[in-house]
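[1] With the sequence up front, the predicted model follows.
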Amino acid sequence: MNYQKTYKKQLLPAIISICTLPLYAGGAIAQEESVGLEEIVVTARKRQESIQDVPVAVSAISPGQLERGSITSSLELGKMVPNVELHETAIGSESISASIRGLSYDDIEKSIEPTVGIAIDGVFLASNSGGVFDLFDVESVEVLRGPQGTLFGRNTIGGVINVQRTEPTGEFGMKLEAVAGDQDMSDVKGIINMPLSDKGGIKLSFKNTESDSHVYNTTLNDRRPYKDSETMGIAIKYNFTENTSAVLSYDDYDHQTTAPDTVNPGFGNGMGASEADDWKTSPQMFPLTAYLEGENTTLKITHDADNYQIKYIMGIMDYSETVREASWGIGSFDLGLGEDGEPISQALLDGIFFPVDRDQDFKQTSHEVQFTSDFDGPMNFVAGVYMLEADSYITSGPVQNFTALHYLDSTAVFGEVSYDLNDVWSLAVGARYTEEEKELNSRSYAQATGNAARLAGSSDPTDLVNLANPTFKDNNTSFRVSLQREIESGMMYASYSTGFRSGGFFNRGITELETQPFQSEEVTSIELGIRSNPTENSQINVTYFDAEYTDKQTTVIVSADDSMCLKEQNDAGSVTCSFVRNAGEASMNGIEFEGMYMPSDDLTLRLSFGTFDGDYDEYDYNGVDISDKARLLYAPELTAYLGAEHTSEMAGGILTINAGLSYKDKVETQADWSTYDPETGPVVTIDSFESLDLSATFMKDMGEGTLKLRAYGTDVLEDGNRVGRRFDAGAFSWGELVPRRQFGVSVGYEF
C-alpha cells in the first residue's frame, strides 16, 4: 500500500469536513452569543483595506497571534500559510530560502534573484541574506501568494513576505523579553520608546541570541556552538506638521553562525549511523561557519492630504558575509581514520575535503515614491517609481580561486487603477514597466597560486586562467487585471497576472561558459477566489490558481570530468562546473483554503491547507528533454495547519493556550536530474512530517505595566532531529539537520 497517497486521500476530505460543518452548524449559537471576528487590515494593494475586500491571495498574522503563540521568526510563517515552504540555508548566516506555490530559489548568490520578495518596512531585500529575522517588534505580517509584479515589482513571481515594524510611539514605554530554551539557548530582546519634544519620538531596540547546536558531533564528542547574534537599532519619528512625518531607522547587526553539523549520504556509514540515532549525531570533521555583519538604514516620509497620500521610502543595506566550509568535510570519517579504520593520508584528505573560504561585500540602495488616492468616488489609484542599485564583490579560494564583482541597476514605474462599475462589480487594472542592467567582472586563477583574495591585485599574467566581463540588459512589462463581485456573505474575484524574475549571471562560475548571461523568466497566473463571512463568527477564504512558468532558470552542477566542463576549468583546480540556463517550462495549479471559526469569545479555531500539482513540461539538458525525470524543488503537494487558541481568566490575569498542528508533504531538493536515479541515490527527497506546537501564555496587568509569562514546545511529539534540506551537486552532496522537539520559557514586561 502507498501510505503517502492513502494518507492524503484521507486527510483532505477530513480537513474540509472538519472546517465546513461547524461553520454553518454552529452559526445560530454563535450569533446568539454576539461573537464576532476582528477585522484584519492589510496593505496588499499599497493601501489599507480589509483582508476580506482584497482580490489577492494574502494571509495576515496579527501581532496578537505572534504575542500569544510560538511563531517567533520569519522561518515559522511557513507553518501557518498554505503552499509556503521556508527554511534556512547553512551556507549563509540568517539566510532564508523561500518557496511559494512551487516557485523557489535555494542559494545565497547575489547575482541570481530570489523568487519570493521579502520587504521590511517597505524595503525589498535584493538577496536571501538577512531574510531570517525575529518577529518581536512588528506591526503587521502579510504573506502574498502568486505573482505580485505590478505593485511590488521584481523577483516576486512566487509572492511577497511583507513585514512592517512598529514606529516610535512618542511616549515613554518599554517592552522586554528574555527566553531560555534547549541547547543552552538564550534570547534577550527589547524596545524602549521615549518622546522627542512634542513632535515625535525615539525607539531603541536590541536583541542578543546565543545557543549551541542541536547536533552532537561524534568526532569531537561534543556540540559545536550554533548562534551568536547581536542586533541594535534606533528609530526616530518626527512630525513636521499634522499631515507630514518622517521615520528614520538604523540597525546594526552581527550574526555569527556555526551551522549544525550535517550528514553526507555519499560517504560510508556516517549517514546510516546518524539516521539510526534519529539524526541526533554527525561525524562532520570541519565546521561550516557563516558570518553576516552590517547595517541597514531606512527613511520613510509620509504626507497625508484630504484625498491622497504621498510616500517616499529609501533603504540602504550594507553588509559583509564570510563563509568557511569544507564541502567534502561533511563526510562520515572519524578524525584521522578512513572507513577501513586506517589513518587517512594527507594526500587523501586533500583529495576528499574541498575547503572554501569566501568573503563578500554587498550594498544595495533603493528609492520608492508612491502616490495613493483616497477618493470618495468610484475610482482610486496607486502610482509610483522604484529604483534599485546594488553591487557585490566576492573573493573565493584556496582551491577554486576566483573574484567576482557584480553590478545591478533597476528602474521601474508602476500603477494600478480600481473602479467600481456599480454596487456589485468592480474592476482593477495595473501594470509595471521595469528596465534592468547588470555587469559581471569575473577572474579565476590557477590553484597553485593560492587564495583569490591575494591574487586580485596580481600582476603576474600566468596566474590568470580566465577573465570574463559579460553584460545583461532587459526590460519587462508585468500587469494584473482583476474583476470582483460582491456577494451576500463577502465577495468573489477572478484575476490574471504576470510577473518576471530578472536574468543575469552565475557569479560562482570561473570559466567563460559558466559566466555567460541567462535570460529573465516569466510566470502567468489565473486566480479565482472567494472571501466570505458566512456568519459573524466564521470566515472562509478559498483560492484556486493555475500558472504557467516559462524560460525557467535552472541550475546545473556537474563534475569536472563531465563533457560540459572546459579544460580551463580543470586548470583552475575545480572539481565541479556550475551553469544557470533557461532550460525549463512548467505548469502548476492548486487550491488554498483558510478558515476561522469562533464558537465563543474564549475559543478561536483556524484551519488552512494548500494543494499543489506541478510538473515540468520541458527541461532541456544539452538538447535532451529530461522533463520526465526533473522535479520542481521544495514544492509540497499538500500543506496543512489546524490551530486552536483558548483564553480564560486565571489569578487576576489572562491565560492563553495555543495549539498548532502543521503538516508538510514530501519535497524534492537539488539534484543533477540528468543522471539522478532514485534507486541508487543519493537521496534528494525530504520526507513528509507533522509538527505539533504548544504554548501557554499568562498576561497580567501589574498596574504600571503588563507581565507576560510563556512556556512553549515545538514539534513536541517527535524527538531527535530531521533532515530539513538536502543538496546534491553530482560531485558532492549533503543533508542539513533541523531540530524537532524543543522546549523553552520566557518572561516579559511591557508598559
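    Ah, there it is. Numbering: from 1, shown residues only.

[2] low pLDDT regions in the stretch 551-700 of the chain?
    In the predicted model of the stretch 551-700 of the chain, residues 557-576 satisfy pLDDT under 70.

[3] Then the chain?
    In the chain, residues with pLDDT under 70: 1-36, 265-272, 327-354, 447-462, 557-576, 729-732.

[4] Note down every partner strand of the longest strand seen in it and its orientation.
    Scanning the chain for the longest strand, with DSSP state E as the assignment, gives strand 576-600. If you go by DSSP bridges, strand 576-600 pairs up with strand 538-559 (antiparallel), strand 603-611 (antiparallel), strand 613-621 (antiparallel).

[5] of all these, which lies closest to I161?
    For the strands paired with strand 576-600, distance to I161 was read as C-beta to C-beta. The smallest value, 15.8 Å, belongs to strand 603-611. (Glycine included, C-beta is placed from N, CA and C.)

[6] Contacts for that closest one, please.
    12, 15, 18-19, 22, 59, 80-84, 590-599, 637-647 (C-beta atoms under 8 Å, 6 or more residues apart in numbering).

[7] Ignoring the adjacent residues along the chain, who's closest to G69?
    What sits nearest to G69 in space, not counting adjacent residues and going by C-beta to C-beta, 6 or more residues apart in numbering, is N658, at 4.6 Å.

[8] which secondary structure elements does whichever strand or helix holds that neighbour contact?
    Using DSSP states H and E, N658 falls within strand 653-664. Packing partners of strand 653-664 (3 or more C-beta pairs under 8 Å, 6 or more residues apart in numbering; DSSP states H and E): strand 638-650, strand 689-701.

[9] Mean neighbour count and distance to Y712 for those - can I get that in CSV?
    Listed next are these as CSV, based on neighbours: other C-beta atoms under 10 Å; distance: least, C-beta to C-beta, whole Å:
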stretch, mean neighbour count, distance to Y712
strand 638-650, 17, 14
strand 689-701, 17, 4
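
[10] With distance to S245 as extra columns, can I get those strands in TSV?
    Putting those into TSV (distance: least, C-beta to C-beta, whole Å) gives the following:
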stretch	distance to S245
strand 638-650	35
strand 689-701	31
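
[11] between the ones you listed, which gets nearest to R47?
    Closest among the helices and strands packed on strand 653-664, once you apply C-beta to C-beta, is strand 638-650, at 28.3 Å.

[12] which neighbours does the closest one have in its sheet, and in what orientation?
    strand 603-611 (antiparallel), strand 653-664 (antiparallel).

[13] and the angle for it with strand 689-701?
    If you take axes from the mean of the first three to the mean of the last three C-alpha atoms, to 10 degrees, strand 638-650 sits at 20 degrees to strand 689-701.

[14] pull the CA atoms of strand 638-650 into CSV?
    Coordinates of each C-alpha in strand 638-650 appear next as CSV, following Å, rounded to 0.1, in the frame of the first residue of the first chain:
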residue,chain,number,x,y,z
LEU,A,638,-0.1,19.3,0.5
THR,A,639,0.5,21.7,3.3
ALA,A,640,-2.0,22.0,6.2
TYR,A,641,-2.4,23.8,9.5
LEU,A,642,-5.0,23.3,12.3
GLY,A,643,-4.8,25.7,15.2
ALA,A,644,-6.8,26.4,18.4
GLU,A,645,-6.5,29.3,20.8
HIS,A,646,-8.3,29.4,24.1
THR,A,647,-8.3,32.2,26.7
SER,A,648,-9.5,32.2,30.3
GLU,A,649,-9.2,34.3,33.4
MET,A,650,-6.8,33.0,36.0
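
[15] helix/strand/coil for the residue nearest the centre of the chain?
    Centre of the chain computed as the mean C-alpha position; nearest residue by C-alpha atoms, centre = their mean is A98, 3.6 Å away. Look at A98: counting by DSSP: H, G, I helix; E, B strand; the rest coil, its state is strand.

[16] How about the contacts made by it?
    84-86, 104-105, 114-116, 118, 128, 131, 158, 161.

[17] can you tell me which of those residues lies nearest to G384?
    Distances from G384 to the contacts of A98, taken by C-beta to C-beta, are shortest for I118, at 19.1 Å.

[18] Could you double-check that that closest one lies in contact with S127?
    No. Counting by C-beta atoms under 8 Å, I118 stays clear of S127, with 9.6 Å between them.

[19] I'd like the distance between T150 and S111.
    Distance, T150 to S111, by C-beta to C-beta, to the nearest Å: 25 Å.

[20] what are the ranges of the strands in the stretch 101-250 of the chain?
    Remark: strands assigned in the stretch 101-250 of the chain by DSSP state E, counting those that start in this stretch are 103-104, 116-120, 123-124, 140-145, 159-164, 173-181, 185-196, 200-217, 222-239, 244-258.

[21] Make TSV from these and add distance to T680 and mean neighbour count to it.
    Shown next, in TSV, are those (distance: least, C-beta to C-beta, whole Å; neighbours: other C-beta atoms under 10 Å):
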stretch	distance to T680	mean neighbour count
strand 103-104	25	26
strand 116-120	33	24
strand 123-124	42	24
strand 140-145	36	24
strand 159-164	36	24
strand 173-181	40	17
strand 185-196	39	18
strand 200-217	27	19
strand 222-239	32	18
strand 244-258	33	18
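
[22] Now distance to T297 too, for the ones you listed, in JSON lines please.
    As requested, those are exported to JSON lines (distance: least, C-beta to C-beta, whole Å):
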{"stretch": "strand 103-104", "distance to T297": "30"}
{"stretch": "strand 116-120", "distance to T297": "12"}
{"stretch": "strand 123-124", "distance to T297": "9"}
{"stretch": "strand 140-145", "distance to T297": "21"}
{"stretch": "strand 159-164", "distance to T297": "17"}
{"stretch": "strand 173-181", "distance to T297": "23"}
{"stretch": "strand 185-196", "distance to T297": "18"}
{"stretch": "strand 200-217", "distance to T297": "14"}
{"stretch": "strand 222-239", "distance to T297": "10"}
{"stretch": "strand 244-258", "distance to T297": "5"}
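
[23] Understood, closing this out.
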